[in-house]
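J.: Got a predicted structure here, sequence first:
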Amino acid sequence: MPAATREAVAAAVRGLSKRFGSTQALDSVTLSFAAGEVHGLVGENGAGKSTLGKMIGGLYHPDSGEIEIFGSPVRRWDTKRAQDAGVVVIAQELCLVPALSVAQNVFLGRERSTFGVLHPGLVQRYAELEQVCGFGLPADAPVESLSIADQQKVEIMRALARDARIIVMDEPTSSLTADEAARLHEIMRWLRSRGTTVIYVTHFLEDVLENCDRVTVMRDGRVIRTSETATETKSGLVEAMLGEPADVLLPERPPPPSPEADPVVEMREVWSGTAVRGVSLAVRPGEIVGLAGLVGSGRTEIARALFGCDRVDSGEIRFCGRPVGARSPRASISRGMAMIPEDRRGQGLVLLRPTFENVTLPHLRGFSRAGVLARRAERAAVKELIDRLGVRPAQVDGDVSVYSGGNQQKVLFAKWLLGRPEFLILDEPTRGVDVGAKAKIYQLIVDIAASGTAVLLISSELEEVVGLSHRVHLVRQGALIGEVPADTSVDEILQRLFGVGEESRGES
Amino acid sequence: MTASASARPAPAAPPGVLPFIRRYAVLIMLAVLFVVLSVSTSSFLTVTNLLNILNQNAPLAIIAVAGTLVVICGGFDLSTGAIFSVANVVAAWVAVNTGSPVLGLLCAPLVGAALGAVNGAAITRLRIHSFLATLASSLVYGGLAVLITGGFLISVEAPGFTALGRGGIGPVYYAIVILLLFALLAGFLLNYTTFGRYVLSVGGNAEAAELSGIRVDRVKLYTFLFSGLAAGVAAAIGVSRIGSGQPQAGDGLQLLAIAAVILGGTSIYGGVGAIWRSVCGVYLLALIDNGFDILNANPFFKDLTTGVVILAAVALSAASKRR
Amino acid sequence: MTASASARPAPAAPPGVLPFIRRYAVLIMLAVLFVVLSVSTSSFLTVTNLLNILNQNAPLAIIAVAGTLVVICGGFDLSTGAIFSVANVVAAWVAVNTGSPVLGLLCAPLVGAALGAVNGAAITRLRIHSFLATLASSLVYGGLAVLITGGFLISVEAPGFTALGRGGIGPVYYAIVILLLFALLAGFLLNYTTFGRYVLSVGGNAEAAELSGIRVDRVKLYTFLFSGLAAGVAAAIGVSRIGSGQPQAGDGLQLLAIAAVILGGTSIYGGVGAIWRSVCGVYLLALIDNGFDILNANPFFKDLTTGVVILAAVALSAASKRR
Amino acid sequence: NSDVSQVNSGASEAPSGKTGPVKIALLASSSQNGFNKAVYDGAVAKAKELGDVEVTIFDGKFDSQTQFNQVQNVASQGTYDGIVLVPNDNVGIAAAIPAAAQAKIPVVTTLFPVGPKLTELTPQVDGVVSTVAADTEENSKKLAEGVVEYCRDKDPCKVAILIGQLQFPFDNLRNKAYRSVLDPHKNIKVVATGQGNYDRDTSLKAMQNILQANPDLDVVLSNADQQTIGAQVALESAGMDLSKMYVTGGGGSQEAVKQVRAGKWAADQIDFPNSMGKAALEQVVNAVRGKPVTPVVDADTLGPVPVIVTKEVLDQHPGFKGEWAD
Ligand SMILES: Nc1ncnc2c1ncn2[C@@H]1O[C@H](COP(=O)(O)OP(=O)(O)OP(=O)(O)O)[C@@H](O)[C@H]1O
Ligand SMILES: Nc1ncnc2c1ncn2[C@@H]1O[C@H](COP(=O)(O)OP(=O)(O)OP(=O)(O)O)[C@@H](O)[C@H]1O
Ligand SMILES: [Mg+2]
Ligand SMILES: [Mg+2]
């Protein structure tokens, strides 16, 4: 608990309101952030956390209300002025310039220059920052070649490079592994020790309880309460967020399939590119098989090879006992496979199109005759499904681009459940999803498996993988290094993933 | 569903007058111009004049209608003018050499569709951007048209050849009827068929579409084929109207068609758009032309006025898009 | 750097010959054409001919060089031709009416920059897509050019007016020197200044740039200003070369410039590209022209050949990009 | 060739003698072009002279479709009594003329005939009452004959042809006419055919390139003055002496006349756009008023000078300046 600086207010908002169309994203929010505190901001998807953060950072203009930074109210406010005043936002959606290098992205807008001519020495400057962060990213790699997790680290470094006095971190750990998140928390403590204010938006309530000084709970665009973290508990926070007590435990797994049941899908010694190296695995009907691995270990690539997105160099993939011939997402889908990709917005949804079009996209043949759509049947089916999954707002014409993350994820589930797949690949299905929605997604996964669908579950949240899967494969550098049974402890898995005796990354 | 959820209003279509203006900017401009012209001169609001405007611009509108699908699918077809040229000289050549006007006119859509398919194949096979691919193919096609004719025009004397372009059902020219059918067809394709849905989703997010099992390349190819077909149909009308095939007949059509599509409000980034918008775009430009002619205005100001009207329409459609 | 990080293969430049071909496609095509022409005729590989080619296309290349920044920044400038027209008639008008050729020629870049800034302001203020905005403004500017001259050309008799366009330093025309300086300036801006970095980032991801505190609108505006300036400089060379200002002098330049930029390999989506690429693109097209003239080849085949060469270059640059 | 013959033909097309004010639409191939401006000025001058006649110019934007639409619009509006046409496309536009004929609006075409036959000046299309034009093929041959004359004692005599655009029917016709005259002469070598596109800059480039392969050119045979002006810049910067060569232009612009007088250009094929405008207006008003109409007005006879001028010819006509400025 930082004692001394507590009284000084770094940022304050008063009566802040913001409307998007008919959605009241923020409803006269009044809140203050003390200098040198780590202030947690929690709430379910769509509560308005990101909107608040963006307004403080100058990305959105409030409809009414005012923002005060270090005691002085701001008038004309945009990102440039915000940054000049020491306010920086790490946005929730990764937002980097793909063709620029890591270092160029990190120092973007903060280049040292004389009369606009860049100074050399960007790499040294980067190295200095790297000393503090220890993420180990190469300075000159183009950002587009990095995995999502590494891009997330670039985002964090970019904020740090600004010597900000107030940093809004909007779900910065959503694609980091546990030890990387721990590394970030360390950085937060270091920032706090230097008097920087961190506004920490996250759905990981444990992280809030461990790392924040105070926490604010939001719901429906309003502030429910702000309190000292020491006085809060996880279930208390959940209740405040959802407005009702809720169960955050993992649901009961469906019974495992009999060991002699024939697998739905099987990989035999599959090699693909540089990222998948001799992978063999099998998933049986009704079974949930987890893939646990560190970020960048190649889990996504395994899924992509399986689904036919990437070329398989050698090895065999069998579906329902027969080797598969032509391989493409299309062929996989027609065989009964489905995949929810890790990049929801980039690979999953067509953001410009409404909900029902997204949901029925792979199944249009079933909703058409001679190419002509049966729109009524289509909408009825989607309506039924999104009601069942609890997509909100439950409108078939809903605009998916403004749905919160959890609801977007549910739309993706709807999209594939509509086809009743025999085999479902889930790549990070709960990334950026609030606790309430998370519980629903867990239940969904379990229900899907109980209905006989084989599930391959990839997640960076080890609790989730071990808690939901019947069996877990450990992945390291593109290869499976072993299998552990359900409910193996997270610590043990971590040890095996790093290799016994090896040191964890980020150390040194 | 939790109780709190239902309390939140759904993100329905935003209310108010500004969104309406934004949405229907091109229609509003069209209506304004229509009214202005109607009160400025009595020669405007006559059945013949209106039918003339519709008829004259029908070939362009047909190309723009199909071009809308290309743009929605994230592409750009700069070769429609050249396809028009090839199709119209082929039609004339066939009519002259077989003596059958019908056969000649039928050739135009076929040639158009074939050249469009070649575009589509080049774009999807070679994985090159359609902007550059169709720019190149338009040069090639344009060259072909010149070679076919040897630089001369091919006059068709066969009786009946001009029926399609100059005739009509009662006072309504065939061209208008064909445009209507074509626009309805395209609108139907876009909104009521799986193909249309695929076009929209490929334009919206090609990767997501591919991962949803859609043959992205094939969808793209079909849009270019359709665009070529449209250019061929337009060429059939054009060549029949003129009565001779000319290698430059289509020059510049492609730019007008694309301008009309974008002016209508279809997004240059793909994924959203509508057929009626492009038709409005074509006729907005047509009204300006017609207005200058019948108002006896100084033609020196025509380009300037056209530019200002386009800017106004676009500015309207962008009205107060501030966050 | 920690140990674990280095374990991941660094995404370095991919090795092998295919990526090389892809990357330098436009250069390779240029070299091939160069060699072909050199062996086909002895008139090609002469100092005068090469200087001529460079000189003739310098104005276009200057426009393409600046256009590269616009395209990298995610924009499209379809008004450079019209700006060229306005700037060249203003230059002639001023030279005639003040009797000072220097003053006249100086006006061209100023007028160009001003019109470019107007483009930029319209695009950023009204938040409309540059494609449509510059299409509209090109009509407006084109109209202006005609109004200034009343449709006639303005012949400049003032001695010295043609020095810029026809003279040079030794055998090297001023136009070539100016192009060189301009390309170096643009390359320097792009690679060694904050402005260039901002251009790359705005084109790569405007939202990320905004998040980084970059004034996206201002950066865009400057690219259009620069493009207008380039069109003005090109106009000064052009009007001085011909010795008279003409309202249609710039017609079609904008499309050639954009084609050259894209042909060079700068991404139409923005965010990546290089100045040298566009210069190569311009001279690739120029070599085809030159080749046809000096080989006395049938002009009927020129468009066709140009199209095929473009396709070849683009296909090369896309060579085996397949999965 | 085609002689001026007074025939009363208009009876069927022309309304039987309209009295009162007459409105004429002048459909220019482009309103923003010196040549067309001269036609317009001539028409306006004649209208003043006749009195009670008003002329309105339409911009054809060098686009055949635009002009096609304009004919239709004028025909359907009933505002105009007659049309003077400077066609962009002599064949395509023919399809629009019947609409005018139906509306009883007489059409006079200038510069080019209207209809499928490029060399047939007698009106080919119902609705066209008069053609005010010259025989392009014949005149092109005359221009080329000057080249033959100049080349008589030269072997080889190297000729570069600078043509507008070969894909334009009339340019194609001109090119063929040139070749039909030049090719039979063994000493004459056509070493290059460049396209000048009626544009100075394009022609400058083309000529520079041609000079690379043929630095020892004797003749530049250009069909348009704008092209020759561009070529001249290239020739002079290459250090060539035009007065020793044989350089032609076409169009009879003021600049061309100046250059021929100065002895730089050897010959120019003259057009008289202002006089053509006058003649066309006269014919169309005659048709409207129900007076006799001349179906073919040979444009070559309208001016004070013969169609092909050389320095000697111009010296005999010191007052002639050229009827248009580009
Ligand atoms: N640009 C926008 N346009 C329209 N509606 C928006 C926009 N941004 C946010 N919203 C809506 O405003 C509400 C609040 O969104 P916000 O992103 O602030 O929620 P959040 O608390 O950050 O949720 P999550 O935990 O999913 O990130 C949501 O209903 C969302 O749909
Ligand atoms: N676009 C790319 N270009 C080059 N290498 C890549 C790219 N994407 C991923 N890789 C590499 O492929 C390997 C596997 O990455 P991948 O993202 O599939 O791992 P993952 O286990 O799914 O982790 P994540 O949690 O990021 O999804 C890593 O070495 C990564 O650096
Ligand atoms: Mg958020
Ligand atoms: Mg992954």
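T.: Nice, I can see it. Ligands and ions are numbered 1, 2, ... in the order given.
J.: where exactly do the strands run in chain B?
T.: For chain B, the strands defined by DSSP state E occupy B:154-155, B:168-169, B:172-173, B:244-245.
J.: and the second one, does that touch chain D?
T.: No. Among the residues of strand B:168-169, none lie within reach of chain D under Cβ under 8 Å from any Cβ of the partner chain; the closest is 12.8 Å away. Any C-beta I mention is one placed from the backbone N, CA and C, and that applies to glycine too.
J.: tell me the mean pLDDT for that strand?
T.: Regarding strand B:168-169, the rounded mean pLDDT is 90.
J.: quick one: strands adjacent to that strand?
T.: Next to strand B:168-169 in the sheet, as set by DSSP bridges, lie strand B:172-173 (antiparallel).
J.: any idea how far the residue in the stretch 101-250 of chain B that ligand 4 sits nearest to lies from C:G270?
T.: Using Cβ to the ion, B:L211 is the residue of the stretch 101-250 of chain B that sits closest to ligand 4, at 14.4 Å. B:L211 is 25 Å from C:G270, where distance means Cβ to Cβ, to the nearest Å.
J.: Tell me which residues of stretch A:28-37 come out buried.
T.: A:29, A:31, A:33-37 (16 or more other Cβ atoms under 10 Å in any protein chain shown).
J.: quick revisit: B:L211 and C:G270 - which one has more neighbours?
T.: Between B:L211 and C:G270, B:L211 has the larger neighbour count (other Cβ atoms under 10 Å in any protein chain shown), namely 26 against 22.
J.: wait, doesn't the more buried one sit right on A:L349?
T.: No. Between B:L211 and A:L349 there is no contact under Cβ atoms under 8 Å: 10.5 Å.
J.: Could you report the neighbour count for the spatially closest residue to A:A261 that is not a sequence neighbour?
T.: Using Cβ to Cβ, 6 or more residues apart in numbering or on different chains and skipping residues adjacent in sequence, the residue nearest A:A261 is A:R284, 4.6 Å away. Look at A:R284: counted by other Cβ under 10 Å, it has 21 neighbours.
J.: Please tell me how far A:R284 sits from A:A338.
T.: For A:R284 relative to A:A338 (Cβ to Cβ), the value is 17 Å.
J.: ok, now D:D63?
T.: Remark: distance between D:D63 and A:A338 (Cβ to Cβ) = 54 Å.
J.: Those two: who's more crowded?
T.: A:A338 (29 against 19).
J.: tell me what the strand or helix carrying the more buried one is packed against?
T.: Using DSSP states H and E, the element containing A:A338 is strand A:337-340. Under the contact definition 3 or more Cβ pairs under 8 Å, 6 or more residues apart in numbering or on different chains; DSSP states H and E, strand A:337-340 sits against helix A:299-307, helix A:405-417, strand A:423-427.
J.: What does the pLDDT read for A:I187?
T.: 89.
J.: Just say helix, strand or coil for it.
T.: Using DSSP: H, G, I helix; E, B strand; the rest coil, the structure places A:I187 in helix.
J.: in the stretch 1-150 of chain A, which segments are predicted with low confidence?
T.: For the stretch 1-150 of chain A, the stretches with pLDDT under 70 are A:1-7.
J.: Could you rerun that using 80?
T.: Under the criterion pLDDT under 80, the flagged ranges of the stretch 1-150 of chain A are A:1-7, A:21-23, A:93, A:147-149.
J.: In space, not sequence, find me the middle residue of the chain.
T.: Picked chain A for this. Using Cα atoms, centre = their mean, the residue of chain A that lies closest to the mean C-alpha position is A:R431, 3.0 Å off.
J.: that's the other chain; I wanted chain D
T.: Nearest residue to the geometric centre of chain D (Cα atoms, centre = their mean): D:L111, 4.7 Å.
J.: of the helices and strands packed on strand A:337-340, which approaches C:R125 most closely?
T.: C:R125 lies closest, by Cβ to Cβ, to one member of these: helix A:405-417, at 33.1 Å.
J.: hmm, the closest one touching ligand 3?
T.: No. Counting by Cβ under 5 Å from the ion, ligand 3 is not contacted by helix A:405-417; separation bottoms out at 6.8 Å.
J.: Please see if that helix touches ligand 1.
T.: Yes. Using Cβ under 6 Å from any ligand atom, helix A:405-417 comes into contact with ligand 1 via A:405-406.
J.: D:E138 is in what secondary structure piece?
T.: helix D:136-151.
J.: So which residues make contact with that helix?
T.: Applying Cβ atoms under 8 Å, 6 or more residues apart in numbering or on different chains, the contact partners of helix D:136-151 are D:1, D:112, D:118-119, D:157, D:159, D:170, D:173-174, D:177-178, D:180-182, D:185, D:187-188, D:218-219, D:221, D:223, D:246, D:248, D:250, D:266-267, D:269, D:300, D:307-308, D:310.
J.: List the residues that contact the residue of the stretch 51-200 of chain B found nearest chain A.
T.: Chain A sits closest to B:T194 of the stretch 51-200 of chain B, with a gap of 4.3 Å, by Cβ to the nearest Cβ. Contacts for B:T194 (Cβ under 8 Å, 6+ apart) come out as A:364-365, A:368, A:371-373.
J.: Can I get those residues in a markdown table including neighbour count, distance to ligand 4 and pLDDT?
T.: A markdown table is the format used below for those (neighbours: other Cβ atoms under 10 Å in any protein chain shown; distance: Cβ to the ion, whole Å; pLDDT from 0 to 100):
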| residue | neighbour count | distance to ligand 4 | pLDDT |
| --- | --- | --- | --- |
| A:L364 | 22 | 28 | 92 |
| A:R365 | 11 | 30 | 89 |
| A:S368 | 20 | 34 | 91 |
| A:G371 | 13 | 36 | 91 |
| A:V372 | 15 | 39 | 93 |
| A:L373 | 19 | 34 | 93 |
